[in-house]
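Participant: what would the 3D arrangement of this be:
(2 chains)
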Amino acid sequence: MKKRTERLARIERLRLKRLRRWPKHLKGRKKGLERIRMHDRAAAAAVKSRQRGNAVKAKAPVVFDLEKATAEMLEFFHTVRETIRDGKPIDIDMSDVTDISVSSLLYLVAIMQDAKLRGDVMDVHGNMPVHKRSRDIMEASGFFNYVRRQSSTLPFFKTTSILQITSGRQHDSMLVSKLCAFIRKALEMNRNGTRYVFKIITELMQNTIGHAYPDHKGEDRMWYMSAQLMDDEVDIAFLDTGVGIPKTVQKKLKEEISEFISLTGDEDFLMSALEGIPNRTQTGKRYRGKGLPTIYQLYQKGKISKLAIMSGMGYINGMDKKRLKKKMFGTLFRFRIGVTND
Amino acid sequence: MTENKRITIKIAREFTECPGGRYRKNGPYSGEEFRDDHLIPKINELADGQTLVVDLDDGDGYGESFLEEAFGGLVRKMGKSVIEKIEIISNDEPELKDTIRKYMENANG
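Facilitator: Presented below is the predicted three-dimensional model:
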């Protein structure tokens, strides 16, 4: 009798040890999870309940948009990022969200992908907004291509107004071409209408590969992109989670002391990059970087609208610059193109 | 007779409709790839007095880094004399002709 009890206790200990690894929330672990679910649903629920009692609760802002609710959103993302980095379980509560932008989901995806690339053990749970339109946007954004859904009861929402979140490590001109085709279809414009978008995204990809991750290997140099039809314009977002433009600019400007000392905050360095920071050719002679200034000039000429850039502590919103209260890890570019931007 | 003095390369037809970034290591259809695999071989085929016409039309567009590496890099590799051998056609984006000209002229600094 005693032996049988010991054997059962040992089996139970082994089973619980296995269950402690659950839940892994990212893709690629589904098979193991399903097996546990089928055999040990009750035990899993008990373990889950015990484990998640200490989970950090991260309540998403009602307006889930980095531009409309900048401070709250950055605070929320900090909580998520730091909790994941500390290896603690986290519950992301999206239930009260009533206004959501795909570009902000982009950052959430990037935070989790970064942790995955670092090899962090993640214990992340979340729910969907109750608000139908926000839920539909979350469904259509491609968010669940990166984060595994536990419930499959919701019908998949299809829309032609969102280009799903895409990501990559290399310059992918075919994807840029696909983005342009999406815009042409959404706004009923011809190829001339999207040439500037092609140019801008091409430059941003090049910047990500060339400057955003100076200390990383190729496989970590990720960029993320999305597009969403909003108010007869297409809102385009491009994100990397690298060192940020201000840091890159500071490094380059240290050679140019006179220009360096006139700049004090990340917003100054960011604006400097848009205006053209000094650089050196392979022959050692000076020139000014062209990519970011070209993008800014296109905005100034009205070829694109609503340009917003967040990087480090710097924030450029059109012609204005300001300092963020919380750091943006990486760089988020957001702009719009409409039929009037010609 | 005049036509014999011009060899044309149309990027959208002979290379790609969606050009990429600067270097080959960054991904496909880069400026470096276009320069080394298409531009330079065509220039080397030119007889005395012949011009290479590069037609930029009918593509999705061009990034600055692609153009700088393709044309600025061409001058860095072959010297400033190559500028006289190149003619650009760009009806879709006429301003690219000046942009490329500047990249070639400033290629060494």
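Participant: how far out from the middle of the chain is the longest helix along chain B?
Facilitator: Among all segments of chain B classified by DSSP state H, the helix with the greatest residue count is helix B:95-105. How far helix B:95-105 lies from its chain's middle: 10 Å, per CA atoms, centre = their mean, to the nearest Å.
Participant: so which bits of it are buried?
Facilitator: With burial defined by 16 or more other CB atoms under 10 Å in any protein chain shown, the residues of helix B:95-105 counted as buried are B:96, B:99-100, B:103-104. To be clear about C-beta, it is placed using only N, CA and C from the backbone, and glycine gets the same treatment.
Participant: near chain A, which residues of chain B are found?
Facilitator: Chain B comes close to chain A at residues B:16-22, B:26-30, B:60-66, B:68, B:76, B:92-93, B:106, B:108-109, as judged by CB under 8 Å from any CB of the partner chain.
Participant: low-confidence ranges, the stretch 101-250 of chain A, go.
Facilitator: Applying pLDDT under 70 to the stretch 101-250 of chain A flags residues A:149-159, A:211-220, A:243-250.
Participant: so which residues on it come close to chain B?
Facilitator: Where the stretch 101-250 of chain A comes near chain B, counting by CB under 8 Å from any CB, the residues are A:170-174, A:176-177, A:180, A:191-192, A:194-199, A:202-203, A:205-206, A:209-210.
Participant: any idea which helix or strand carries residue B:19?
Facilitator: Using DSSP states H and E, no element contains residue B:19; it sits outside every helix and strand.
Participant: the residues of the stretch 101-250 of chain A next to chain B in helices, which ones?
Facilitator: Among those, the ones falling in helices (DSSP H) are A:173-174, A:176-177, A:180, A:195-199, A:202-203, A:205-206.
Participant: so how far is chain A from residue B:101?
Facilitator: 14 Å (CB to the nearest CB, to the nearest Å).
Participant: give me the pLDDT for that residue.
Facilitator: pLDDT, residue B:101: 94.
Participant: cool, and the one 3 residues further on?
Facilitator: Model confidence at residue B:104, given as pLDDT, is 94.
Participant: so who does it touch?
Facilitator: The contact partners of residue B:104, taken as CB atoms under 8 Å, 6 or more residues apart in numbering or on different chains, are B:71-72, B:74-75, B:80, B:82-83, B:86.
Participant: same question, residue B:63
Facilitator: A:198-199, A:202-203, A:206, A:291, B:19-21.
Participant: how much space separates the nearest residue to it once chain neighbours are set aside from residue A:208?
Facilitator: Of all residues not flanking residue B:63 in the chain, residue A:202 sits nearest, at 3.1 Å (CB to CB, 6 or more residues apart in numbering or on different chains). Remark: distance between residue A:202 and residue A:208 (CB to CB, to the nearest Å) = 11 Å.
Participant: and what of residue A:300?
Facilitator: Residue A:300 is 23 Å from residue A:208, by CB to CB.
Participant: and these two? which has more neighbours close in?
Facilitator: Higher neighbour count among residue A:300 and residue A:208: residue A:208, with 27 against 13, using other CB atoms under 10 Å in any protein chain shown.
Participant: where are the low-confidence patches of chain B?
Facilitator: Scanning chain B with the threshold set as pLDDT under 70 gives B:1-4, B:109.
Participant: what segments of it are helices?
Facilitator: Going by DSSP H, chain B shows helices at B:11-14, B:31-34, B:40-45, B:64-67, B:73-78, B:95-105.
Participant: and the closest residue to residue B:33 other than its chain neighbours, how many residues sit next to it?
Facilitator: Spatial nearest neighbour of residue B:33, excluding adjacent residues (CB to CB, 6+ apart): residue B:24 at 5.0 Å. Applying other CB under 10 Å, we find 18 residues neighbouring residue B:24.
Participant: related to what we said a few turns ago, taking the contacts of residue B:104 one by one, which sit in strands?
Facilitator: Judged by DSSP state E, the subset of the contacts of residue B:104 located in strands is residue B:86.
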